[in-house]
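S.K.: curious how this folds, go ahead:
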Amino acid sequence: QIQLVESGGGLVQAGGSLRLSCAASGRTFGSYTMGWFRQARGKDRELAAAISRSGLNTYYADSVKGRFTISRDNTKSTVYLQTNNLQPDDTAVYYCAAMEAAYIYYRSTANWAYWGQGTQVTVSS
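M.R.: Numbers count the residues shown, from 1 in each chain. As a prediction, the model looks like this:
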């Protein structure tokens, strides 16, 4: 199994940036596809970005493409989400997730077996 702990959330003004981190412990981090989901109040949890085991392949939701960047450091067992030009619509709890499948385009939460507790991102206008 793998345990995930997010950090880096907070309150930021529109146009600002945050760097979210997710530290993993347990089994070999490099054997997991990693993703960042987000869930706004009253809405379903959605996949914002995902990254392959090697880090060579990435996926972004249309709503974050060009503003968010996902990356990973397998030597540090950590995945990052750099969020730029944040807007009020980006306000949500951001969750780190992991799965053993290699396909990075699974957007359903049911495909992702491991979850962190989440970190709140609030963007003020």
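S.K.: how about residue 71, what does it touch?
M.R.: Residue 71 is in contact with 51, 55, 79, 80, 82, counting by Cβ atoms under 8 Å, 6 or more residues apart in numbering. Every residue, glycine included, has its C-beta placed from N, CA and C.
S.K.: so which helix or strand takes in residue 48?
M.R.: strand 46-51 (DSSP states H and E).
S.K.: contacts only, for the residue positioned nearest the centre of the chain.
M.R.: For the chain, the residue nearest the mean C-alpha position is residue 36 (1.9 Å; Cα atoms, centre = their mean). Residue 36 sits next to 20, 22, 47-50, 68, 70, 79, 81, 94-97 when contact means Cβ under 8 Å, 6+ apart.
S.K.: one more pass at 7 Å, please.
M.R.: 20, 48, 49, 70, 81, 94, 96 (Cβ atoms under 7 Å, 6 or more residues apart in numbering).
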